[in-house]
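# the sequence isn't on hand, but the structure is:
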Ligand SMILES: Nc1nc2c(ncn2[C@@H]2O[C@@H]3COP(=O)(O)O[C@H]4[C@@H](O)[C@H](n5cnc6c(=O)[nH]c(N)nc65)O[C@@H]4COP(=O)(O)O[C@H]3[C@H]2O)c(=O)[nH]1
């Protein structure tokens, strides 16, 4: 209990005690008054005869009988003329001056009673009693009250002190929980940002810079998915320890997201910040030991300096984020420092995302179709569906620009579902309008494959359009397959059972191992246009190898990006089954493709 509270409690108790004592005084004094009056009435009756017969001795004896009454001080009987007739004075006390003495002394209570006989006034009797007994009782009562109050105060003070200690401990616990990451024990996002805010606020007058390094683990998701969450937590703790080993107080390492950490350090200049960034990368390049084996948790690091690169907390964070994004998109496992152009790129990207969201809502994107031809017969055998986005201000935006945004934001799931439905519906409609039975290849993103009901989406698109499953070909990229081999295999087997065809896009550009290739239930390999473009001068080694590989595994092979007749000629001679490219047909709107497909002669013969 604080001094102020104690004083308030004591004042309240004193006030309450005073009211109680006052009340008690009035009550007890009233009782004494009643008692004395009653005595006076009895004595008055008894002394009436003495007064009437003028016998003061008998009256004095009668008054003296009151000696048993402890508090009585004097009893005096006055005649009709007001003269004293008889008196009793308690031993050790003085007599009162007379009946008309105005007020009784302090501590005394005086009661007068008329003495009469059959209605005839004979005189007056005055009894004076002391209130000492009441005062003594009240003092005792006040003492007890004070003792009880003190005891109560003591108990309250002890209880309050304990409650306070408990509240303080709970507050400390809450503060810890609110500011600490439960897995690593590092400051969490909130505490890290608070630290940054304080560092910026405290820095203003100082020289040097506050460096913000955002660290994103490159392989964490893979570890979490393959080795389980417990292993993921162990890895996070080891990473936290490794980062902590690089940074010295007062600099801070915090965990600000699933696999995102931040380091806030006060440095002399940009070189100092770079040095920390490099040390962080080096610390994460050493393998971490998990129960399932060693893993490498390399990281991408984005660096931004306050005040050199950004004027405040929000800007410094978004700029570090832009640098981190650049580090990730630039191939990961690297440190990228913020440069002003990144802000523009980030703004452009954010704008693109907003525009894309709107375009998807308004179904403003278009499926274009690029024809695919049989290299031997020259007949059109299929199409590849390629998205086009006619942007109201920017004209056609390249899928190379908006597909990664759609993938990052998850918009690709909805977009991909829509393309699937449109592509199947368009090809089925062409059938009805006299086109040859074309296959339609649709690109699939890794994110779509991870959707639990992607297979359901594929089957629904086929069912709604009425297209035979064998006419739909899903194009999967090598990197997509290697991202989650088990998941991809499960999906591939299921979709193949349904009769849908599978093709590996951009073959030769990823890291697929031949062992995997053997286990993938695919129908076709697609030679990447990078190899086709340098044909026939260069690139033929890989192109020949891919064609041979396809033959070996009993797969069809298609070449994309055929731009020149000699490339087509080379592919035809090398035994490539199908070809697509600007030479044979540009990606075009559905109506134009239908016109081309229903035309008697095919361009490959040209
Ligand atoms: N230089 C050259 N290029 C040629 C030639 N013939 C065709 N191309 C281009 O090559 C790309 C082939 O598509 P991709 O490898 O699947 O690569 C596609 C694909 O990965 C992605 N994409 C496009 N539409 C979709 C879609 O609906 N879903 C998904 N997930 N990705 C899509 O965007 C990428 C780029 O698409 P586009 O810009 O349409 O670019 C297309 C096409 O226009 C040629 O002779 N020379």
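Received it, and whenever you're ready, just let me know what you need. Bear in mind that the values here come from a model prediction, so they are computed numbers and not experimental data.
# the top helix by length along the chain: what's the following helix or strand?
Longest helix of the chain, by residue count under DSSP state H: helix 3-52. Sequence order places helix 56-64 as the next helix or strand after helix 3-52, per DSSP states H and E.
# in that following helix, which residues are buried?
Residues of helix 56-64 classed as buried under the neighbour-count rule (16 or more other C-beta atoms under 10 Å) are 56, 58, 59, 60, 62, 63. From N, CA and C alone the C-beta is placed, and that goes for glycine too.
# distance of the second one from residue 332?
Distance of residue 58 to residue 332, computed by C-beta to C-beta, to the nearest Å: 126 Å.
# okay if I get the buried residues of helix 56-64 as TSV plus pLDDT and distance to residue 444?
As requested, those are exported to TSV (pLDDT from 0 to 100; distance: C-beta to C-beta, whole Å):
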residue	pLDDT	distance to residue 444
56	92	133
58	91	132
59	91	129
60	91	129
62	90	126
63	91	124
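# circling back to that earlier point, between helix 56-64 and the longest helix of the chain, find me the angle.
With axes from the mean of the first three to the mean of the last three C-alpha atoms, to 10 degrees applied, the angle from helix 3-52 to helix 56-64 works out at 150 degrees.
# does anything pack onto the particular helix or strand that has residue 431 in it? Which helices or strands?
Using DSSP H and E, residue 431 falls within helix 411-432. The criterion is 3 or more C-beta pairs under 8 Å, 6 or more residues apart in numbering; DSSP states H and E, and the helices and strands that helix 411-432 contacts are helix 341-361, strand 366-374, strand 380-391, helix 399-409, strand 439-443, helix 446-449, helix 454-465, helix 590-597.
# dump those to a markdown table, plus mean neighbour count, distance to the ligand and mean pLDDT.
Shown next, in a markdown table, are the helices and strands packed on helix 411-432 (neighbours: other C-beta atoms under 10 Å; distance: least, C-beta to the nearest ligand atom, whole Å; pLDDT from 0 to 100):
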| stretch | mean neighbour count | distance to the ligand | mean pLDDT |
| --- | --- | --- | --- |
| helix 341-361 | 15 | 12 | 89 |
| strand 366-374 | 22 | 6 | 97 |
| strand 380-391 | 21 | 4 | 96 |
| helix 399-409 | 17 | 3 | 90 |
| strand 439-443 | 24 | 3 | 97 |
| helix 446-449 | 21 | 7 | 86 |
| helix 454-465 | 17 | 12 | 96 |
| helix 590-597 | 17 | 13 | 96 |
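# export these as a markdown table, with columns for distance to residue 292.
Shown next, in a markdown table, are the helices and strands packed on helix 411-432 (distance: least, C-beta to C-beta, whole Å):
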| stretch | distance to residue 292 |
| --- | --- |
| helix 341-361 | 37 |
| strand 366-374 | 43 |
| strand 380-391 | 40 |
| helix 399-409 | 29 |
| strand 439-443 | 34 |
| helix 446-449 | 23 |
| helix 454-465 | 28 |
| helix 590-597 | 50 |
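# what's the closest of these to residue 240?
With C-beta to C-beta, the closest approach to residue 240 among the helices and strands packed on helix 411-432 belongs to helix 399-409: 26.1 Å.
# what residues does the protein put near the ligand?
370, 385-387, 398-400, 403, 416, 419, 443-445, 475, 505-506, 529, 560-563, 581-582, 587 (C-beta under 6 Å from any ligand atom).
# what about the helix or strand hosting residue 544, distance to the chain center?
Using DSSP H and E, the element containing residue 544 is helix 540-552. Put simply, helix 540-552 sits 53 Å off its chain's centre (C-alpha atoms, centre = their mean, to the nearest Å).
# re earlier: ok and the helix holding residue 431 relative to helix 590-597, angle-wise?
Using the same axes, to 10 degrees: helix 411-432 against helix 590-597 is 40 degrees.
# quick check: beta-bridge partners of residue 213?
Note on residue 213: beta-bridge partners residue 263, residue 303, judged by DSSP bridges.
# distance of it from residue 256?
On the measure of C-beta to C-beta, residue 213 and residue 256 end up 11 Å apart.
# neighbour count: these two, which is higher?
Each of residue 213 and residue 256 has its neighbours counted (other C-beta atoms under 10 Å); residue 213 has more, 31 against 19.
# contacting residues around the more buried one?
Under the criterion of C-beta atoms under 8 Å, 6 or more residues apart in numbering, the contact list for residue 213 reads 262, 263, 264, 265, 273, 276, 277, 280, 301, 302, 303, 320.
# what's the most distant pair in these?
Greatest spacing in those, by C-beta to C-beta: 265 and 302 (14.1 Å).
# the more surrounded of these two?
Each of residue 265 and residue 302 has its neighbours counted (other C-beta under 10 Å); residue 302 has more, 27 against 22.
# hang on, the more buried one packs against residue 339?
No: look at residue 302 against residue 339 with C-beta atoms under 8 Å: they stay out of range, at 11.3 Å.
# which residues touch the residue nearest to residue 449 when sequence neighbours are not counted?
The shortest distance from residue 449 to any residue other than its chain neighbours is 5.8 Å, reached at residue 491 (C-beta to C-beta, 6 or more residues apart in numbering). Listed by C-beta under 8 Å, 6+ apart, the contact set of residue 491 reads 449, 454, 455.
# repeat the analysis, applying 10 Å as the threshold.
444, 448-451, 454-455, 458, 474, 476, 481, 484, 502 (C-beta atoms under 10 Å, 6 or more residues apart in numbering).
# in stretch 277-288, what's buried?
Buried, per 16+ other C-beta under 10 Å, within stretch 277-288: 277, 280, 281, 283, 284, 288.
# distance from the chain centre to that stretch, please.
Mean-position distance between stretch 277-288 and its chain equals 29 Å (C-alpha atoms, centre = their mean).
# do the same with stretch 239-251
Chain-centre distance of stretch 239-251: 25 Å, with C-alpha atoms, centre = their mean.
# residues contacting that stretch, please?
Under the contact criterion C-beta under 10 Å, 6+ apart, stretch 239-251 has outside partners 181, 183-186, 195, 199, 210-211, 213, 215, 217, 220, 252-255, 259, 261-267, 275-286, 288, 297, 299.
# just the mean pLDDT for it, thanks.
Stretch 239-251 shows a mean pLDDT of 92.
# please shift the residue numbers so they start at 33 in all later answers.
Will do, 33 is the new start, and the previous item becomes stretch 271-283.
# in that stretch, what counts as buried?
Across stretch 271-283, burial judged by 16+ other C-beta under 10 Å covers 271, 272, 274, 275, 276, 278, 279, 283.
# for the residues you listed, give me CSV that also has distance to residue 345 and secondary structure.
Below are the buried residues of stretch 271-283 laid out as CSV (distance: C-beta to C-beta, whole Å; DSSP: H, G, I helix; E, B strand; the rest coil):
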residue, distance to residue 345, secondary structure
271, 25, helix
272, 23, helix
274, 27, helix
275, 22, helix
276, 23, helix
278, 23, helix
279, 20, coil
283, 17, coil
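# the stretch 233-382 of the chain: strands as residue ranges?
Assigned by DSSP state E, counting those that start in this stretch, the strands in the stretch 233-382 of the chain fall at 241-249, 284-287, 292-299, 320-322, 325-327, 331-338, 367-369.
# hey, least reliable of these by pLDDT?
Mean pLDDT across those is lowest at strand 325-327; the value there is a mean of 84.
# elements contacting it?
helix 252-259, helix 261-278, strand 320-322 (3 or more C-beta pairs under 10 Å, 6 or more residues apart in numbering; DSSP states H and E).
# mind running it again at 7 Å?
Contacts defined by 3 or more C-beta pairs under 7 Å, 6 or more residues apart in numbering; DSSP states H and E place strand 325-327 against no helix or strand at all.
# buried ones in that strand?
Result for strand 325-327 [16+ other C-beta under 10 Å]: buried residues residue 327.
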